[in-house]
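J.: fold the following.
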Amino acid sequence: MTADELSAAAKAMRRDWDSPGLWPAIERRIREDERARRRYSWTSLAAAAVVILSVAASLVLLGNRLLHERAAPVTGASRLLSDEGLSDVERAEAQYIAAIEALAAKVARTDDLTRPTSLLLANLRERLVVIDAAIADCRAEIERNRFNTHLRRQLLSIYQEKRRTLEQILDEEQHAS
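T.: Now for the predicted structure:
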């Protein structure tokens, strides 16, 4: 079969028919899809608004609750630490602070201001300033709630970091001499 014969056979097979409802049906379907998309976008926006308002309300309620809990006085039943336990902790803390202060005094005695300091020593001394500020902040919070064991643990970890930093300074100064 040649190309001309194939073209003639294709033309003979072609059929035309009237379909007056085809284009209006397509147009109606497009409009319905557009309406559905608009309705979906409004529904999505409404759902998002509900979620945002719910989260905001929860945060406000939680914030109010936390404020009331902080403002409420600490009673014997709500404390995490007893009076006896608190005195033991404060005694141990005082001994630990005295030991760290003795170490700090030793660092101050070995500190030679005429000798140029290394970058590491300058960094360690700067870290001590930051640690001392953190200790002051933590102690201020403990003054507001003396029975809070979490704050006491945090203070202990800060003091341990100060001890390690002071020991690093001593080691660095001994190696520099």
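J.: going forward, measure contacts between C-alpha atoms and count neighbours the same way
T.: Will do.
J.: show me what contacts Val107?
T.: For Val107, the contact set (CA atoms under 8 Å, 6 or more residues apart in numbering) comprises 166, 169-170.
J.: closest to Asp4 among those?
T.: Proximity of those to Asp4 was ranked by CA to CA; the top entry is Ile169 with 98.5 Å.
J.: helices of this structure, residue ranges please.
T.: 3-13, 22-71, 83-110, 119-144, 149-176 (DSSP state H).
J.: mean pLDDT for these: which is lowest?
T.: With a mean of 78, helix 22-71 has the lowest mean pLDDT of these.
J.: picking up where we left off before, deepest-packed of the helices of the chain, please.
T.: helix 149-176 (a mean of 16; mean count of other CA atoms under 10 Å).
J.: that one - contacts with which helices or strands?
T.: Packing partners of helix 149-176 (3 or more CA pairs under 8 Å, 6 or more residues apart in numbering; DSSP states H and E): helix 83-110, helix 119-144.
J.: and the spatially most central residue of the chain, how far is that from Asn148?
T.: Geometric centre of the chain, nearest residue: Leu59, 15.8 Å, by CA atoms, centre = their mean. Computed as CA to CA, to the nearest Å, the Leu59 to Asn148 distance reads 24 Å.
J.: repeat for Arg65
T.: 18 Å.
J.: residues contacting Arg163?
T.: For Arg163, the contacting residues are 100, 103, by CA under 8 Å, 6+ apart.
J.: give me phi/psi at Asn148?
T.: phi -80, psi 110 (degrees, to the nearest 10).
J.: cool, and Arg146?
T.: phi -60, psi -20.
J.: and Leu113, what pLDDT?
T.: 54.
J.: and the chain, what are its domains?
T.: 21-72, 83-176 (automatic domain parsing).
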